[in-house]
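> Fold the following for me, if possible:
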Amino acid sequence: MASNTVMMKTEFLEIAPVLPSRDIARDVAWYHDQVGFAAVHRDDMYAVLRRENLWIHLQWHADTEEDPLLGGSVIKIFVKRLTPIFEELVACGTVTKEKLRLKTPWNTPMSLAFMI
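Next up is the predicted model:
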């Protein structure tokens with residue numbers, strides 16, 4: 001007997017790079033003046049820039065080998081239905097089940113963080 005259950009897939013919505021910056025104010029100005037991005041949020045440590053449906057995040061970093069997240073780049077991939085892709089990544093050994101966060105301090109409803 002065939003199942004009528006529809007397998008829900010992850011729907012990829014957008015991708016937003018989080019780029020390291022030593023000078024948030026300087027880089028926000030450059031992306032505004034040279035590329036036409038507007039600041040949606042900006043403080044001394046983090047900025048979110050937008051142009052139409054394109055997003056760039058800038059995060060202050062220090063050149064350090066002790067904490068690679070302070071000096072590296074990150075890519076945010078926004079999806080609907082995180083569970084299918086999360087289970088795929090766990091099955092491939094890309095991430096462990098502990099990497100799924102159902103709530104974050106920055107109010108993301110669900111997130112998955114890992115480094116390549």
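> Please tell me I have it right and Phe44 contacts Trp60.
Quick fix: residue 44 reads Asp, not Phe. Yes - here Asp44 lies in contact with Trp60, judged by Cβ atoms under 8 Å, at a distance of 6.9 Å. The C-beta positions use only the backbone N, C-alpha and C, and glycine is treated the same way.
> what touches both of those two?
Common neighbours of Asp44 and Trp60, counting by Cβ atoms under 8 Å, 6 or more residues apart in numbering, are Ile24.
> Got the domain ranges for this structure?
15-80, 81-116 (automatic domain parsing).
> so what's Ala2 scoring on pLDDT?
With respect to pLDDT, Ala2 scores 49.
> of Asp44 and Trp60, who's got more company?
Trp60 (16 against 9; other Cβ atoms under 10 Å).
> three-state assignment of Thr94?
For Thr94, the assignment made with DSSP: H, G, I helix; E, B strand; the rest coil gives coil.
> Which helix or strand contains the residue nearest to His41 when sequence neighbours are not counted?
Using Cβ to Cβ, 6 or more residues apart in numbering and skipping residues adjacent in sequence, the residue nearest His41 is Val48, 4.3 Å away. Assigned by DSSP states H and E, Val48 belongs to strand 46-51.
> buried ones in that strand?
Ala47, Val48, Leu49 (16 or more other Cβ atoms under 10 Å).
> Provide the strand pairings for the very next helix or strand once past it, with the direction of each partner.
Next helix or strand after strand 46-51 toward the C-terminus (DSSP H and E): strand 54-60. Using DSSP bridges, strand 54-60 pairs in its sheet with strand 11-21 (parallel), strand 46-51 (antiparallel).
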